[in-house]
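In: Sequence and computational prediction follow.
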Amino acid sequence: MSLIPSFFGNRRGSSSSGAWDPFSALDAFDPFRDLSTNFPFSSALIPSGGENTAFVNTRIDWKETPEAHVFKADLPGLKKEEVKVEVEDDRVLQISGERRVEKEDKDDTWHRVERSSGKFVRRFRLPENAKMDEIKAGMENGVLTVTVPKAEVKKPDVKAIEISG
């Protein structure tokens, strides 16, 4: 029985009855803790240090309408001043930002920290039909919307040829 608690960091249990709770130790388990050391290509995207890196996995939707490419990112709790939207010359849209760790007061006792913090960077290569000089971004209720208008594709003129004979 002593092998299992030592596997989860020597927690002997936290219930009031004194019995060992095998699920209490799972709160501390982080399967992505060593991600930046196992995958060298990810080191630029994963903040180093003791930060909670779950914010790295910022989810962004990209849809294409007849008029534009629309990107939507859920960024709850961030202000527009904490988010950057940039475009590089080679048609790459970059959305980045940072949620800072809340300042700790030495009189506070934290029971659980689940909200993520840290930096994030997402990059998208835009198609040739994107109007790079007309990109617009807005943020409302924690949702960033980036609209990239599309250039009109000129349809080829088709001329019917009459067949003789």
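Out: In hand now; what should we look at?
In: pull the helix or strand with minimum mean pLDDT from the protein.
Out: Ranking every helix and strand in the chain by mean pLDDT, DSSP states H and E puts helix 35-38 at the bottom, with a mean of 45.
In: for the protein, what spans make up the helices?
Out: Using DSSP state H, the helices of the chain run over 3-7, 35-38.
In: could you point out where this structure is predicted with low confidence?
Out: Residues of the chain that meet the criterion pLDDT under 70 lie in 1-56.
In: Let's see that with 90 instead.
Out: The chain contains residues with pLDDT under 90 at 1-59, 76-77, 88-90, 98-119, 152-158, 165.
In: Please name the bridge partners of residue 85.
Out: residue 95 (DSSP bridges).
In: List the contacts of it.
Out: Contacts of residue 85 were listed using Cβ atoms under 8 Å, 6 or more residues apart in numbering, and they are 93, 94, 95, 135, 137, 144, 146. For glycine as for every other residue, the C-beta is placed from the backbone atoms N, C-alpha and C.
In: residues of stretch 85-93 that come out buried?
Out: By neighbour count with 16 or more other Cβ atoms under 10 Å, stretch 85-93 contains the buried residues 85, 87, 93.
In: ok, now stretch 153-165?
Out: For stretch 153-165, a neighbour-count test (16+ other Cβ under 10 Å) marks nothing as buried.
In: Tell me how many other residues crowd residue 148.
Out: Counted by other Cβ atoms under 10 Å, the residues lying close to residue 148 total 24.
In: Identify the residue spatially nearest to it, adjacent ones excluded.
Out: Closest residue to residue 148 apart from its sequence neighbours, by Cβ to Cβ, 6 or more residues apart in numbering: residue 69 at 4.3 Å.
In: same thing with residue 130?
Out: Distance criterion Cβ to Cβ, 6+ apart; nearest residue to residue 130, sequence neighbours excluded, is residue 148 at 4.9 Å.
In: Test my guess that that neighbour contacts residue 124.
Out: No. Between residue 148 and residue 124 there is no contact under Cβ atoms under 8 Å: 9.2 Å.
In: So for those two, which residues contact both of them?
Out: Among the neighbours of residue 148, those also in contact with residue 124 (Cβ under 8 Å, 6+ apart) are 71, 93.
In: now the strands for this structure?
Out: 60-64, 68-74, 83-88, 92-99, 118-125, 136-140, 143-149 (DSSP state E).
In: tell me what the fourth one is packed against?
Out: Helices and strands touching strand 92-99, as assessed by 3 or more Cβ pairs under 8 Å, 6 or more residues apart in numbering; DSSP states H and E, comprise strand 68-74, strand 83-88, strand 118-125, strand 143-149.
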